[in-house]
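Novice: Sequence and predicted structure below; questions after.
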Amino acid sequence: MFIINIFFISVLFTIPCHGALEEIDPNFGKAPTIDGQIDSFANEWDEAYKIQTNLTDLPINLWVMQSSSKLYIAVQIELSEVVNRTSEFVGILISNSSSEDIKDFIDAKIVQFSNITEDEFDYFDYFINNSVFIPDSASNGNGAAKLEGETSTYEFSIPINNPQGSIDEDVYLEYGELFAFNITYGLTPSYPQGIMKSSIFLININYPPRSELPLLKLTIFVFTIVIFSLAVVLYGFYIYRIIKLKEIMERYRR
Amino acid sequence: MSKISKSPNKKANSKAKQAFNEKFAYRSVIISVIFGGIFLIISIFFNIEIITVFMDKNVLLDIVDVLIKTSVILLFFFFMMVSIGNYKEIVGKPISWREFLFLIVLSLGQSILNLWVFIFTVLGIIIILIYLYLTQEI
């Protein structure tokens, strides 16, 4: 019965997606607080790659940023025409490669407003198997949302280059690889049926920049190593002299 | 001619006393050099920043870090100074300025990765030198 159910679900509901809109090369920046607020006073998301784009026909602001261990995505939606919405969600469906084939989107991170006026939301981490959303045994990443006026802001942090995560349920976002991300929007908390708008973006997971040691610091460090090496050598030589002294003292006594 | 000959016992006593002093000084050389070596090894771990448990976490731990780094360098300097001083006493020569400066350079060189450690080490070395100078037999 369960198998038939899954079959029906996968036949009836497919995740809407279109060709990738853009290839994004995220900038490295200071990790933001995932609280659904873009705090300009704390210079949050300042270094992020920012674009105004559309999820199907829904205009959004999209921020993408990276650190050495996390990918940060923020989505801001302004909805003036839908006044009485009580629930709303933004989901990020992640492909296991740069492939935009629907079957390759196996991971979903969703922030679902349960009561939008009270700022009540939940973060879900799903594994997608043939368009069936199965909750992960261990939730990875983080997400938050907040409504301010008519603008709802969604923030996500997704672990990257982390093979310790649940490999079978999450996409392993590896450095130097390109992945397809399907950003989705909907109202009701049913997936994938509730997905109303979506767009695919290709995001490069960049290698962290190498921290270059300044020349002065390097020189001082080398000098310290030389000093310690010299100290150890001289210490050894001094020990040798002490042993010799013992022999001389004994000879003198005789 | 003196009726009382010089006492051979007095000579023997003086020789024994000298031997005892030398033995004592030699023991001090050995013990001090062992301690100096221990603090040199600890200094390598902390001052090359192999052990960084206290670094860049909060102000309190930063102070602990600076204190440990400074203390091990100063203890290394003190014990090596005592050891070399006693060694020179056994040999019968005074400690030269060259050896003196060399030990100071070796100690200060250990502290240059951290400005605070360097400043406190300079102050500590000055205090140790004053102490050693004042406790010398004039």
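Specialist: Structure received. Numbers count the residues shown, from 1 in each chain, chains lettered A, B, ... in the order given.
Novice: List the backbone torsions phi and psi for the nearest residue to residue A:90 once chain neighbours are set aside.
Specialist: Leaving out its chain neighbours, the residue that sits closest to residue A:90 by C-beta to C-beta, 6 or more residues apart in numbering or on different chains is residue A:154, at 4.2 Å. For every residue, glycine as well, the C-beta is placed using N, CA and C. Backbone dihedrals for residue A:154, given as degrees, to the nearest 10, come out at phi -120, psi 130.
Novice: Then residue A:88?
Specialist: Taking degrees, to the nearest 10, you get phi -170, psi 150 for the backbone angles of residue A:88.
Novice: returning to what we had before: tell me the pLDDT at the residue nearest to residue A:90?
Specialist: Per-residue pLDDT puts residue A:154 at 95.
Novice: Contacts only, for it.
Specialist: A:36, A:74-77, A:90, A:111, A:143-145 (C-beta atoms under 8 Å, 6 or more residues apart in numbering or on different chains).
Novice: any weak-confidence spans in chain A?
Specialist: A:1-21, A:80-84, A:163-167, A:211-213 (pLDDT under 70).
Novice: Counting neighbours, what do you get for the residue of it found nearest chain B?
Specialist: For chain A and chain B, the shortest gap (C-beta to the nearest C-beta) falls at residue A:227, measuring 3.2 Å. Residue A:227 has 20 neighbours, counted by other C-beta atoms under 10 Å in any protein chain shown.
Novice: next one: phi and psi at it?
Specialist: The phi/psi pair for residue A:227 (degrees, to the nearest 10) is phi -60, psi -50.
Novice: Chain neighbours aside, what residue packs nearest to it?
Specialist: residue B:109 (3.2 Å).
Novice: again, but for residue B:68
Specialist: Nearest residue to residue B:68, sequence neighbours excluded (C-beta to C-beta, 6+ apart): residue B:46, at 5.7 Å.
Novice: Mind pulling the model confidence for that neighbour?
Specialist: With respect to pLDDT, residue B:46 scores 92.
Novice: Following whichever strand or helix holds it in sequence, what is the next regular element?
Specialist: Using DSSP states H and E, residue B:46 maps to helix B:8-47. Counting by DSSP H and E, the element after helix B:8-47 in chain order, helix or strand, is helix B:59-91.
Novice: pLDDT (mean, whole number) over that next one?
Specialist: Helix B:59-91 shows a mean pLDDT of 92.
Novice: Now do residue B:101: how many residues are near it, please.
Specialist: The tally of other residues near residue B:101 (other C-beta under 10 Å) stands at 10.
Novice: Buried residues, stretch B:46-59. List them.
Specialist: For stretch B:46-59, the buried set under the neighbour-count rule, 16 or more other C-beta atoms under 10 Å in any protein chain shown, comprises B:46-47, B:54.
Novice: And stretch B:73-93, by the same measure?
Specialist: Of all the residues in stretch B:73-93, those buried under the rule 16+ other C-beta under 10 Å are B:73-90.
Novice: pretty sure residue B:62 contacts residue B:54?
Specialist: Yes. Using C-beta atoms under 8 Å, residue B:62 is in contact with residue B:54, at 7.0 Å.
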